[in-house]
Each structure stands twice: as structure tokens, then as C-alpha cells.
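S.K.: Got a sequence here, can you build the structure:
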Amino acid sequence: MNATETKNMQRLEELAHKTPQFTNQDATAITGMSYLDVEQGIKEMMAKYHCKLRVTENGDIIYDFEKLERRDAKKFSEYLQEFGEKAWKVFTIIYKFLISAFLVVYFIIFLVLVIAAVVAMSSGKDNRSRNGGGELLSFVFRLFISIFQWRTIMGYNQYYYQTDRYGYQYRHYQEKEDDLTKNWKGNQSKKGFVASVFDFVFGPPRYELNPLANLQELSTYLKTHKYVVSTYELIALAGWTKAEAEDFMTFSLTQFNGEAKMTDNGILYGDFNSISRRKTEIDGAPIVYYWDENEADYELNGNSSGRNMGIIAMNGFNLLISFFFLYHSNNPELGNTMLVLGIIPFIFSLSFFLIPFIRYLIILQKRRMQHRINIRKRLIRYIFHEQSGIISLERLTQVANQNKGEKLNKKLIEQMMMDIIRDFDARSEVDENGQIQYHFEPLEEELSDMDKLRDGNTGNKNNLGNIVFET
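M.R.: Here you go, the predicted structure:
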């Protein structure tokens, strides 16, 4: 920003400190800035600070900057969480190095055996034995290389669909293939052994969306919905609460040069026709509604039961042998051997089992939250597809259980709806028959207005027309 724009921003910030809620006219009158400067300055403010839009009954738009909280500001809990994540990442690297170091020790033992095999081959073995010894040497070399390949997935763009214990499908990263058994047994496992060892301790990476996915998806949605969008439609795309969707609306207005407008019924929406005028049509990100993308499961390790049993047996063997040396710690003949073969491997082997156990206790809580979010998605799907603004608990339970998978009871649905109606500015009532009814009139009115708006927006605004002059 130049000096004038910086000064204008400071004036608006001072206004927001004194009066968090104001209109364009308020800002013009109080700051002395021109109306155009106020419009541009407020857009820059919305990009920098959290903001919500309010619509009055007379059709005026109020900008609400609340506590003038920066979008990039972090709470102490967020800093603490970020520090914990970085500390955990450093710990995993160190611990994986320790795992690799132990494998290297075994590699040295294997290497001694291979040298003995090579010596035996050179003393007059047939070609079959020679080929077998070469394959064994190749296998040991691949083992040595693979223990330093700590990445347990093929790539962040490679995934497939898994199903959790309740029947909900979710995206799962493609596991790194097993290079150890390739050309050794004539095939290869889906997941490498060393990757399985790492995942046994720390768990596989959980699928995460692209941080810019919401903006990319909104861009495609605007293109296919005549470049207008409302708050509830943003909830359908990302599943936010209404307050979060309102904040994202203001952020999107700044990112896509949009304009806040109202329908004849006073429904606030974003008009993004300025980005419709394109020369080149490019396919954008696919539109995936909130209810069509289930939450990824929190897996303990993602290994097969046979692979886990093998890992448990190996570490259990190390734990048992190290305990044997500790048990005979009073033997003076052992000397420094006690530290190398007793204390160090015992502590390492014990932590090898302790870390997954602690993770399991944490995962149990996260799985409960994941389950509730997936149930919420099932209910919101029907709420958005229902033509009427009034939905009974009986009907909601019936429709929610039409698809295959987990069957939901009325009590659970009623508990979930308590949070949903709060997010949607809806209400619940009991009719004359004692049946619970949920009223979603604000949602019905907003979606109806948006349909009418799009029906009236028939002009080909994104057509640039023929070129009439060129240099």
C-alpha cells in the first residue's frame, strides 16, 4: 500500500476500535474519507481482520469487526498446539532414527552371515546356490536402504477410499510399497515392513485437505451457480457454523473482488460477477459438498494383524532378552555389557509399546468426535434437500436411515439436532400430537431467494464479446 492507502487503513482501524459496527456512510462521515476510499479500505480491512456482515430491515449493510481480531492472529492455545506438533515431529524423527539404528545393528549381524555365505559359495557351490546367495545379498542391501526411507505413504496426492467401523467411507493415503520383498518372493506387499514398524509406533498420516481447497471449491461453485453465493450455501460446501461461514464470506469478497448485496427480501449474498469475465475457461476444483466427504478415521497403525503380530514378537523378544540381562545385573562378569544389552534396549523396547498405548487412549476421544461429525453430515444432507422448512424428528430419523450403514436412533438424532438448530438459527417445537418439529424457515427463505436470483440472472455476463480494437 502507498502512503495514502496506509493512512486510510489507520483511520478505519481507529474507527473500528471505537465503533466495531458501522456502515459505509458512517465511515465516510466520521473519517472524512471519500466513499470510494471507504469501500476500498473496508475490503482491505476484511482481508486483514475477521468480519461479519449484518443486514438491517431497511436494507443497509453493517460491517461488524467485533474485537478487531486479525485473521492471522493466534490464541495461546493455538501457539501451544503448534509447539506441541513441532515437538512431536522432532521426537518422531529422533525416535525413527533410533529404530533405524537398531536395525543397522542387526544389519551388521546379517552382513557377517552373508560374508560367510559368500565364502561358502566361492568354495565350490553350484549356480543355484550362487544365485540364492546373490538374492540374499540384494535383500540385505535393500533392507539397509529402506530403514532410512521414513516416509510411509506414496504421496499426498495418492489416496484411495477406506471404510471405518461404522460404515463411513473416507480418503486414505496410498501406503508406500514394500521394496524389501520385491524380486525376492516374486511379489510385493501393499505396505513396506519398515513403514509398518514406524506406523506401529506413531500411526499412519491422516488424510488432510488442501488449505486452499475451500477457496478453490468456491471458485468452481461460483462458475456453475452464476457467480452468486449465500451464507447457507457456504455451510453446505464446508460445514461451518453460521458464524464461521459469515466470516469466510467476507474473506471471499476480498479474495475474489466480490460485493455484498441483498435480495428483495433482505437476504445477504455475495455477488462475484467481476470474476466471471474471463478469456480462458479452466476447469477448477470439483465441488464436494460437506456431507459427501466423511471425516478420515484416526487409525492406530493401519497394519494387518499378521504384520502387527510380527512386530510385537520382534520387540517382545528384545524386551525379554534385555530384561534377562537386567535380572542378572549383579553378575560382575557382565561389566559394561549391562548398559549395551540391558538398560538401553529395555528402555527402548518398553517405550516402543508405551507410545502406541498412549496414542490409543487419545485416539478413542478423537474417534468419538469424528463419529459425531459424520452423523452431523448425514442430518445436514437431508435438511438441505428437504423442500419444506419444517422437519419432524420422526421423518428425519426415517430418511437418515434409508442408506446402508449405521442405523441412528431418535435419541441420538435429537441430541445432534440441538447443536444443528443453533448453527442454523432454527428452532424446535412440539406439535399437538407431541411430535418434535424442527423449523428451518431462514434456510428455506435464503435458498429460495438464491434460486429466484439465479433464474433472473440469465445474461451471458462472462462473455467478453468480439474484439473491436487492438494495438
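S.K.: drop to CA atoms for contacts and neighbour counts, all remaining ones
M.R.: Will do.
S.K.: Pull the residues that contact the host helix or strand of S252.
M.R.: Using DSSP states H and E, S252 sits in helix 242-255. Helix 242-255 has contacts (CA atoms under 8 Å, 6 or more residues apart in numbering) with 43-44, 46-47, 50-53, 215, 231-232, 234-235, 258-260, 270, 272, 423-424.
S.K.: list the contacts for Y170?
M.R.: Contacts of Y170 by CA under 8 Å, 6+ apart are Y161, Q162, T163, D164, E293, N294, E295, A296, D297.
S.K.: Is N318 in contact with P345, as I believe?
M.R.: Yes: N318 lies in contact with P345 (CA atoms under 8 Å); the separation is 6.9 Å.
S.K.: Highest neighbour count among the contacts of Y170?
M.R.: Most neighbours among the contacts of Y170, by other CA atoms under 10 Å: E295, with 24 neighbours.
S.K.: What score does that one have for pLDDT?
M.R.: pLDDT recorded at E295 is 90.
S.K.: now swap in F22 and tell me
M.R.: pLDDT at F22 comes out at 90.
S.K.: wait, what's in contact with it?
M.R.: By CA under 8 Å, 6+ apart, the contact set of F22 is A16, I62, Y63, D64.
S.K.: Show me those that map onto strands.
M.R.: I62, Y63, D64 (DSSP state E).
S.K.: would you turn these into JSON lines with pLDDT, distance to I30 and neighbour count?
M.R.: JSON lines is the format used below for the ones in strands among the contacts of F22 (pLDDT from 0 to 100; distance: CA to CA, whole Å; neighbours: other CA atoms under 10 Å):
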{"residue": "I62", "pLDDT": "89", "distance to I30": "15", "neighbour count": "18"}
{"residue": "Y63", "pLDDT": "90", "distance to I30": "15", "neighbour count": "20"}
{"residue": "D64", "pLDDT": "90", "distance to I30": "16", "neighbour count": "20"}
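S.K.: Which member of these is positioned nearest V38?
M.R.: If you rank the ones in strands among the contacts of F22 by distance to V38 using CA to CA, Y63 comes first, at 11.9 Å.
S.K.: Tell me the secondary structure of the closest residue to that closest one other than its chain neighbours, please.
M.R.: Nearest non-adjacent residue to Y63, counting by CA to CA, 6 or more residues apart in numbering: L53, 5.0 Å away. Recorded secondary structure, L53: strand (DSSP: H, G, I helix; E, B strand; the rest coil).
S.K.: burial measure for G155, as a count.
M.R.: Residues near G155, counting by other CA under 10 Å: 12.
S.K.: Actually, N403.
M.R.: Counted with other CA under 10 Å, N403 comes out at 10.
S.K.: circling back: please, a PyMOL command that selects the buried ones among the contacts of helix 242-255?
M.R.: Per 16 or more other CA atoms under 10 Å, the buried members of these correspond to this PyMOL selection:
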select buried, resi 43+44+46+47+50+51+52+53+215+231+232+234+235+258+259+260+270+272+424
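S.K.: In strands, which of the contacts of helix 242-255 appear?
M.R.: Of these, the ones assigned to strands by DSSP E are K52, L53, E259, A260, G270.
S.K.: I'd guessed the fourth one sits against N273; true?
M.R.: No: the criterion here is CA under 8 Å, and A260 misses it with N273 at 11.4 Å.
S.K.: circling back: list the contacts of the residue nearest to Y63.
M.R.: Applying CA under 8 Å, 6+ apart, the residues contacting L53 are I61, I62, Y63, D64, E246, T250.
S.K.: and the last one, what pLDDT?
M.R.: pLDDT for T250: 89.
S.K.: For burial, what's the neighbour tally of it?
M.R.: With other CA under 10 Å as criterion, T250 counts 24.
S.K.: Could you chop the chain up by domain?
M.R.: According to automatic domain parsing, the chain comprises the domains 1-73, 364-456.
S.K.: Make a markdown table from those domains and add distance to N303 to it.
M.R.: Below are the domains of the chain laid out as a markdown table (distance: least, CA to CA, whole Å):
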| stretch | distance to N303 |
| --- | --- |
| domain 1-73 | 38 |
| domain 364-456 | 18 |
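S.K.: And those domains: which comes nearest W240?
M.R.: domain 364-456 (8.6 Å).
S.K.: and that closest one, how far apart are its ends?
M.R.: 51 Å (CA to CA, to the nearest Å).
S.K.: same thing with stretch 65-82?
M.R.: Taking CA to CA, the first and last residues of stretch 65-82 lie 26 Å apart.
S.K.: Identify each buried residue in that stretch, please.
M.R.: For stretch 65-82, by 16+ other CA under 10 Å, it's F65, L68.
S.K.: Check stretch 231-245 too.
M.R.: By neighbour count with 16+ other CA under 10 Å, stretch 231-245 contains the buried residues 231-242, 244-245.
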